[in-house]
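[1] I'll drop the sequence and a predicted model, then ask my questions.
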Amino acid sequence: MPSLAEIAKKRGIKYYLISFVDLFGTLRAKLVPAVAIDGVAKAGAGFAGFAAWFDMTPADPDVLAMPDPSSLIQLPWKPEVGWLAADLVMAGKEVTQNPRQVLKRAVAEAAGQGYDLKTGVECEYFLITPDGQAIADGADQQSKPCYDQQALMRRYDVVAEICDAMVQLGWKPYQNDHEDANGQFEMNWEYDTALVTADRHVFFKYMVKSIAEKHGLRATFMPKPFINLTGNGCHVHASVWSTKSGKNLFDDPKDDLGLSALAYQFMGGVMHSAPALTAIANPTVNSYKRINAPVTLSGATWSPNTVTHGANNRTHMIRVPEGGRFELRLADGAANPYLLQAAVLVAGLDGIRHKRSPGKRHDINMYIDGHKVKDAKKQPLNLLDAQRTLQDSSVLQAGLGKDVVASYVKLREADWNAYARHLTDWERQTTLDC
């Protein structure tokens with residue numbers, strides 16, 4: 001295989017971004033000139049781990065980011081730059097809390113059992129004003145703006161540039177639309193193995209933000225940037241394939257929904273661990289303003305707060321749109337792309353291992369008749385409850401790593417405490433005269 005320096009000469013790359021994602025999903029990087037890349041690729045790019053969202057101290061040695069050449073993406077809007085996902089090493093040992101390596105360990109565990117998780121993600125985002133105070137398109141005011149052609153085409157230049165980039169990168173994008181909230185969009189590309197999808201998910205968020213900035217706009221994946229509008233989801237479509245035969249092990253044409261017994265067991269595992277999984281899929285204080293939201297301007301939140309499953313029914317946490325796969329509708333735009341995939345895989349493997357049942361399928365509208373499902377588990381109401389549930393989950397602790405979960409919970413609880421110390425206008429308005 002040619003070296004990264006040789007690839008740079010062939011492709012006209014002048015710089016490489018050596019990147020990793022920390023526990024909060026923040027993309028970190030160093031910009032390395034192509035003339036120095038082979039040395040950096042061998043020795044690693046040095047970072048102070050405490051300066052990112054990792055459970056480290058200033059006394060810890062450098063974290064070394066070792067770029068993965070197979071992840072190389074040449075920036076379509078700035079082709080002289082190449083992006084590389086990296087794995088992390090510190091003091092000669094793997095940084096176990098690095099989200100990409102957490103996912104790689106889960107993928108390896110699944111492969112040892114003959115399974116390969118393949119996923120696709122639906123990443124919703126808003127195009128907003130640079131100051132973040134409003135949606136960028138003042139004419140986008142319909143109460144039901146979903147699929148609005150006029151609003152979509154007013155943002156044609158941005159959406160088309162992003163889609164063209166995905167075509168150029170070989171991601172096989174297949175549709176773009178205006179979503180359910182004013183100023184909100186979604187762009188879909190073809191599914192792949194969990195690690196490839198996670199790498200692309202990370203890059204997609206960076207790409208959307210960068211191209212939006214080129215056009216004088218700002219893009220946000222924040223779960224609930226506007227209280228009266230539908231929030232940003234990140235739905236995961238999942239199927240498990242055989243590493244030996246290459247067949248989709250979730251597919252069964254004889255089943256009513258087209259799912260195999262293995263698929264139902266995997267689904268059962270996800271539902272069993274769903275409350276704890278929420279801490280990963282919905283990782284911020286703001287996340288719980290999406291999954292526990294009142295009815296929005298459009299008439300529905302499109303987000304679940306109860307652990308149920310159904311057929312092609314978007315009011316449930318898990319939807320089965322067609323045979324051979326299911327859609328997990330829980331996650332939001334703040335989810336760490338690597339930890340999200342890892343947590344779904346870990347929970348699903350536990351379901352297969354213990355032959356867990358997803359329980360009764362419900363064909364009702366959960367937004368109207370959800371109160372009738374008496375035995376369904378509820379999702380946590382806030383970030384603190386979610387973190388405590390994750391901390392108590394033996395399934396996710398074992399699958400993700402006890403040290404990883406401990407570090408994640410420690411940092412997120414500090415996040416919660418910072419929020420709890422914040423005095424809001426609502427508190428002043430309602431309790432100043434108590």
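    Thanks, I have it.
[2] tally of neighbours for the closest residue to V320 other than its chain neighbours?
    In space, not counting the residues next to it along the chain, V320 is nearest to L257; the distance is 4.6 Å by CB to CB, 6 or more residues apart in numbering. (C-beta placed from N, C-alpha, C; glycine too.) Residues within reach of L257, counting by other CB atoms under 10 Å, total 18.
[3] same thing with the one 3 residues further on?
    Counted with other CB under 10 Å, residues neighbouring S260 total 19.
[4] if we can go back for a sec, so who does the residue nearest to V320 touch?
    Going by CB atoms under 8 Å, 6 or more residues apart in numbering, L257 touches 311, 320, 323, 361.
[5] show me which of those is closest to A212.
    V320 (33.6 Å; CB to CB).
[6] okay, Y191: pLDDT?
    With respect to pLDDT, Y191 scores 98.
[7] how about it, phi and psi?
    Main-chain dihedrals, Y191, degrees, to the nearest 10: phi -70, psi 160.
[8] re the thing from before, what's the ChimeraX line that selects buried ones from the contacts of L257?
    Once 16 or more other CB atoms under 10 Å is used to decide burial, the buried members of these can be selected in ChimeraX as follows:
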select :320,323,361
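[9] determine which two of the contacts of L257 are furthest apart.
    Most distant of these, by CB to CB, are G323 and R361, 14.4 Å apart.
[10] first to last residue in stretch 44-63, what's the distance?
    9 Å (CA to CA, to the nearest Å).
[11] can you give me the strands for the stretch 1-150 of the chain?
    Taking DSSP state E, counting those that start in this stretch as the test, the strands found in the stretch 1-150 of the chain are 15-21, 27-33, 45-47, 63-67, 73-74, 81-90, 93-94, 115-128.
[12] quick one: closest of those to D433.
    strand 115-128 (35.4 Å).
[13] which secondary structure elements does the closest one sit against?
    Applying 3 or more CB pairs under 8 Å, 6 or more residues apart in numbering; DSSP states H and E, we find strand 115-128 packed against helix 99-112, strand 184-189, strand 192-193, helix 194-214, strand 218-220, strand 234-242, helix 337-353.
[14] strands paired with the fifth one, and their directions?
    I take that to be strand 218-220. Strand pairing for strand 218-220, using DSSP bridges, gives strand 115-128 (antiparallel).
[15] the partner strand - what's its average pLDDT?
    98.
[16] try stretch 392-401
    The pLDDT scores in stretch 392-401 average 98.
[17] just the buried residues of that stretch, please?
    Neighbour counts using 16+ other CB under 10 Å place 393, 395-397, 399-401 of stretch 392-401 among the buried residues.
[18] repeat that for stretch 254-264.
    257-260, 262-264.
[19] export those to a markdown table and tack on pLDDT and secondary structure?
    Formatted as a markdown table, the buried residues of stretch 254-264 follow (pLDDT from 0 to 100; DSSP: H, G, I helix; E, B strand; the rest coil):
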| residue | pLDDT | secondary structure |
| --- | --- | --- |
| L257 | 97 | coil |
| G258 | 98 | coil |
| L259 | 98 | strand |
| S260 | 98 | coil |
| L262 | 98 | helix |
| A263 | 98 | helix |
| Y264 | 98 | helix |
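[20] list just the nearest of those residues to A110.
    Nearest to A110 among those, with distances taken as CB to CB, is L262, at 12.3 Å.
[21] spatially nearest residue to that closest one (excluding sequence neighbours)?
    Excluding the flanking residues, the one nearest L262 by CB to CB, 6+ apart is L249, at 5.2 Å.
[22] I figured the one you found hits W241, correct?
    Yes: shown here, L249 and W241 form a contact pair, counting by CB atoms under 8 Å, at 6.1 Å.
[23] overlap of the contact sets of these two?
    Y115.
[24] for this protein, what helix or strand is lowest in average pLDDT?
    helix 366-369 (a mean of 89; mean pLDDT, DSSP states H and E).
[25] with only the CA atoms kept, save it in CSV.
    What follows is helix 366-369, C-alpha atoms only, in CSV (Å, rounded to 0.1, in the frame of the first residue of the first chain):
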residue,chain,number,x,y,z
MET,A,366,-48.3,5.9,20.8
TYR,A,367,-48.8,9.7,20.9
ILE,A,368,-52.5,9.2,21.4
ASP,A,369,-53.0,5.8,23.0
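[26] how distant is it from the center of its chain?
    Distance of helix 366-369 from the chain centroid (CA atoms, centre = their mean, to the nearest Å) equals 26 Å.
[27] I'd like the average pLDDT over stretch 87-106.
    97.
[28] now do stretch 58-69
    The average pLDDT within stretch 58-69 is 98.
[29] any buried residues in it, and which?
    For stretch 58-69, by 16+ other CB under 10 Å, it's 63-68.
[30] start and end of it, how far apart?
    Termini of stretch 58-69 sit 30 Å apart (CA to CA).
[31] and the contacts of it?
    1, 4, 7, 16, 18-20, 30, 40-41, 43-50, 54, 56, 84-91, 95.
[32] now do stretch 271-281
    Under the contact criterion CB under 8 Å, 6+ apart, stretch 271-281 has outside partners 234, 270, 291, 307, 309, 317-318, 328, 330-332, 335-336, 339-340, 343-344, 346-347, 350-351, 356, 358-359, 377-380, 383, 386-387, 389-390, 392-393, 395-396, 408-409, 412.
[33] quick one: which of those residues sit in strands?
    Among these, DSSP state E puts 234, 309, 318, 328 in strands.
[34] what distance do you get for the first one to L328?
    Noted for C234: a distance of 10 Å to L328, by CB to CB, to the nearest Å.
[35] check the third one too.
    According to CB to CB, I318 stands 6 Å off from L328.
[36] overlap in contacts of the two?
    Here I318 and L328 have V270 as joint contacts, going by CB under 8 Å, 6+ apart.
[37] could you report the pLDDT at the residue nearest to L23 when sequence neighbours are not counted?
    Excluding its sequence neighbours, the residue lying closest to L23 (CB to CB, 6+ apart) is W53, at 4.9 Å. On the pLDDT scale, W53 is placed at 97.
[38] show me the contacts for W53.
    So, once contact is read as CB under 8 Å, 6+ apart, W53 ends up touching 22-24, 26, 411.
[39] show me which of those residues are buried.
    Among the contacts of W53, those buried by neighbour count (16+ other CB under 10 Å) are 22-24, 411.
[40] quick one: the spatially closest residue to A139 that is not a sequence neighbour and A406, what's the gap?
    With sequence-adjacent residues excluded and distances taken as CB to CB, 6+ apart, A139 is closest to R154, at 6.9 Å. Separation of R154 from A406 (CB to CB) stands at 47 Å.
[41] same question, D425
    Using CB to CB, one gets 35 Å for the distance from D425 to A406.
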